[in-house]
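In: Whatever this is, show me its structure:
(2 chains)
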Amino acid sequence: MSDWSKVTRPIPVPNQWTQPFWDAARRSVLELQRCQSCGHFQHPPYATCVQCVSTDLKFEPVGGKGTIYAYTIMYHTGDKRFAPAVPYASIIVELDDAPGALLAGNLLGSPYTDAKVGRRVEVIFEKLNDDITLPQFRLAR
Amino acid sequence: MWENRCKVAVSGVGYSKVTRSAEIPLAAHALTAVKEAVADSGLRLEDIDGLATYPELPATGHAEIDGISVVSVNCMMAMLKLPNLTWHIQVGTTNIGGAVQQAVNALLAGVCKYAVVWRAMHNPRGTYQNLPGAHATGAAQFTAPYGFGGPGQGMAVAYTRWLERHGQNREKMATLAVTQRKHTQHNPQAYFYGVPLTREDYLNSRWVAYPFCLFDCDIPVQGAVAMVLTTADRARDLKPRPAYLAGYGQRLHFEVAGRIGSLSDYMLGGSSSAKLTWERSGFSPKDVDVAQIYDGFSASVIYGLESYGFCKEGEALDFIQDGRIELGGELPLNTFGGSLGTGRIHGLWHIIEGALQASGRAGSRQVEDVNVAFVGASAPIVTGTTFIFVREPY
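Out: Numbering: from 1, shown residues only, chains lettered A, B, ... in the order given. Here you go, the predicted structure:
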């Protein structure tokens, strides 16, 4: 199991387009940008709907269950802040409620060898400080 | 077919020394490569009236200093003081292949006669890809907190998806690494010239970011390459045999900034660029005698072979087996060693090799009876461009 206790993660800096995502995460809710015209969820946030080009976009809650779309196991220790956790799984998750929207995360609570494409995961929340809470993932229970 | 096919040609080519670290300023490398390309054409610097490059430093978290870590058009203008310069450009969206394409367009438009394109790559001290400092802004706010740093990991995630969806085995990639290193032994300018690589070396090498081991990644180096482009009629009067440009394309697909790991982004990028190139040239994958496909990370070759149409999706690691990509094989691939052999100089070396093979100037690595040489000049996802060079105009 990767030891994350000694890792110092870079702190996300929200901007006016991404603030709602982080506000929701702080409340342990996963919200993604949703097109109010065609209903498509997308992530990362973008200026327009990637499906219908509407600019009428709002953040809406989505279910936290999904599958591992892709992953990598990091062994390189070039960034010393992450070196204590090596090897660790960085994963890309496609949520059941938001096909095509891809969220990055780490696979927490399991050995990195459990990361496999198609495996079921669910969101959990990792508080970094009073302002920022990271959505993360563990194997679905 | 494209009405301008075979109206522009590659003439001379040039190389600087490729070194692991920066022993001299990058500008000196670029200057050497450019002067060599001009001399190889039998031209003088006064003849050069067009300049184009893509001066990006792909290492993240390092300063872009002109002449030291990048070599811009301004830097080259200041060094060469070309008396007859009439045109220049730096491109943004299409990597170095886009600079070549813009030079082609300028020649067709008649706004210059002899254009030089160069790519100079710096290897900064310390870690090549640095994650952001204490804070992650922009697209990185959704990736860096999870330890996603440089493009290697972005490529690696798409590669696991490809491997597991298609039930494939990464050990088959050893064939690519070993074959390209064999080709490297015919390229004295390459970083790994004189350094053999065995299947066992590949299979026993350390992990970088699974599924990538050390030999799936090109080694960061300091160096530059350059080539001269001119109109076909002028090229015929120059010293080297011309390589005629039959067609080119650029990727037309873009989804979301900061989205990583999407295999379809690679495939749609590559197929959109290749489609333009096949249509403009009138050729198809079965007509290709030799291919150069960008290999900064080995998996790029998979996405290239499949999205350009050389094999079906999921089959690339089988396609490269059984000698098919060797110098005497059905589709000799990355005959100059690729980036895995030369070091990280980006795609201009792939374009140069495509031209050399088409003009019969590739020396001991020359493939026999080449008429059609294909080039995929960078990773198909974001900056992909494709080219076809031919020996005989048609």
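
In: List the contacts of stretch B:188-206.
Out: The contact list for stretch B:188-206, computed with C-beta atoms under 8 Å, 6 or more residues apart in numbering or on different chains, reads A:75, B:15, B:17-18, B:20, B:171, B:173-175, B:177-178, B:181-182, B:184-185, B:187, B:213-215, B:219, B:221, B:223, B:336-337, B:340-343. C-beta: built from backbone N, CA, C; applies to glycine.

In: next one: stretch B:159-170
Out: Under C-beta under 8 Å, 6+ apart, the answer for stretch B:159-170 is A:69-72, A:116-118, B:210-212, B:261, B:263, B:297, B:299, B:302-303, B:313-314, B:317.

In: Tell me which other helices or strands the lengthiest strand in chain A touches.
Out: In chain A, taking DSSP state E as the definition, the longest strand is strand A:65-74. Contacts defined by 3 or more C-beta pairs under 8 Å, 6 or more residues apart in numbering or on different chains; DSSP states H and E place strand A:65-74 against strand A:88-95, strand A:120-127, helix B:151-165, strand B:207-210.

In: most packed of the ones you listed?
Out: strand A:88-95 (a mean of 26; mean count of other C-beta atoms under 10 Å in any protein chain shown).

In: Past that one, which element shows up next along the chain?
Out: strand A:102-106 (DSSP states H and E).

In: Can you give me every residue that contacts the residue nearest the centre of chain B?
Out: Residue closest to the mean C-alpha point of chain B, counted by C-alpha atoms, centre = their mean, is residue B:347 at 1.4 Å. Neighbouring residues of residue B:347 by C-beta under 8 Å, 6+ apart: B:95, B:96, B:97, B:119, B:294, B:375, B:377, B:378, B:385.

In: same deal with residue B:135?
Out: Contacts of residue B:135 by C-beta under 8 Å, 6+ apart are A:10, A:11, A:12, A:13.

In: phi, psi of the closest residue to the third one other than its chain neighbours?
Out: Once flanking residues are discounted, residue A:12 sits nearest to residue B:141: 3.7 Å by C-beta to C-beta, 6 or more residues apart in numbering or on different chains. With angles defined as degrees, to the nearest 10, residue B:141 shows backbone torsions of phi -60, psi -20.

In: ditto for residue B:148
Out: Torsion angles, degrees, to the nearest 10, at residue B:148: phi -80, psi 120.

In: right, and it touches residue A:90 too?
Out: Yes: using C-beta atoms under 8 Å as the test, residue B:148 is close enough to residue A:90 to be in contact (5.5 Å).

In: List only buried entries from the contacts of stretch B:159-170.
Out: Listed as buried from the contacts of stretch B:159-170 are A:69-72, A:117, B:210-212, B:261, B:263, B:297, B:299, B:302-303, B:317; burial here means 16 or more other C-beta atoms under 10 Å in any protein chain shown.

In: tell me which of the residues you listed is nearest to residue A:46?
Out: Here the nearest of the buried ones among the contacts of stretch B:159-170 to residue A:46, counting by C-beta to C-beta, is residue B:261; it sits at 16.4 Å.

In: how long is stretch B:235-253 from one end to the other?
Out: By C-alpha to C-alpha, to the nearest Å, the extent of stretch B:235-253 from end to end equals 34 Å.

In: pLDDT (mean, whole number) over it?
Out: Averaged over stretch B:235-253, pLDDT sits at 96.

In: That one near chain A at all?
Out: No: using C-beta under 8 Å from any C-beta of the partner chain, stretch B:235-253 stays clear of chain A, coming no nearer than 11.5 Å.

In: which ones are touching the one residue in the stretch 251-394 of chain B that gets nearest to chain A?
Out: Closest to chain A within the stretch 251-394 of chain B is residue B:261: 3.8 Å, counting by C-beta to the nearest C-beta. Neighbour list for residue B:261: A:69, A:70, A:92, A:102, A:104, B:154, B:157, B:158, B:161 [criterion: C-beta under 8 Å, 6+ apart].

In: List the buried residues for the helix or strand hosting residue B:33?
Out: Using DSSP H and E, residue B:33 sits in helix B:26-41. In terms of neighbour count (16+ other C-beta under 10 Å), helix B:26-41 has its buried residues at B:26-38, B:40-41.

In: out of those, who's nearest residue A:47?
Out: Residue A:47 lies nearest to residue B:26 out of the buried residues of helix B:26-41, by C-beta to C-beta, at 35.4 Å.

In: picking that back up, which strands and helices sit next to the helix holding residue B:33?
Out: Counting by 3+ C-beta pairs under 8 Å, 6+ apart, helix B:26-41 packs on strand B:8-15, helix B:73-80, strand B:114-121, strand B:223-231.

In: about what we covered before: quick check: which of the contacts of residue B:261 has the minimum pLDDT.
Out: Among the contacts of residue B:261, pLDDT bottoms out at residue B:154, giving 83.

In: Helix, strand, or coil at residue B:89?
Out: strand (DSSP: H, G, I helix; E, B strand; the rest coil).

In: Which strand residues bridge it?
Out: residue B:52 (DSSP bridges).

In: quick one: contacts for it?
Out: By C-beta under 8 Å, 6+ apart, the residues touching residue B:89 are B:51, B:52, B:73, B:99, B:102, B:103, B:106.

In: Just flag the most distant two among those residues.
Out: Among the contacts of residue B:89, B:73 and B:106 lie farthest apart (C-beta to C-beta), at 12.7 Å.

In: Next, see if stretch B:381-394 gets close to chain A.
Out: No: applying C-beta under 8 Å from any C-beta, one finds stretch B:381-394 out of contact with chain A, separated by at least 13.4 Å.

In: Quick check: end-to-end length of that stretch?
Out: 31 Å.

In: For it, the averaged confidence score.
Out: For stretch B:381-394, the per-residue pLDDT averages 90.

In: Can you give the distance from it to the centre of its chain?
Out: Remark: stretch B:381-394 is offset 11 Å from the chain centroid, using C-alpha atoms, centre = their mean, to the nearest Å.

In: Buried residues, that stretch. List them.
Out: B:381, B:382, B:383, B:384, B:385, B:386, B:387, B:388, B:389, B:390, B:391.

In: Check stretch A:43-58 too.
Out: A:43, A:44, A:45, A:46, A:49, A:50, A:57.

In: How about stretch B:59-70?
Out: Neighbour-count burial for stretch B:59-70, counted by 16+ other C-beta under 10 Å, picks out B:59, B:60, B:61, B:62, B:67, B:68, B:69, B:70.

In: cool, and stretch B:366-375?
Out: Here stretch B:366-375 shows B:366, B:367, B:370, B:371, B:372, B:373, B:374, B:375 as buried, counting by 16+ other C-beta under 10 Å.

In: Chain B: helices as residue ranges?
Out: B:26-41, B:73-80, B:95-109, B:151-165, B:174-184, B:199-204, B:232-235, B:263-281, B:299-307, B:316-319, B:338-342, B:348-359 (DSSP state H).
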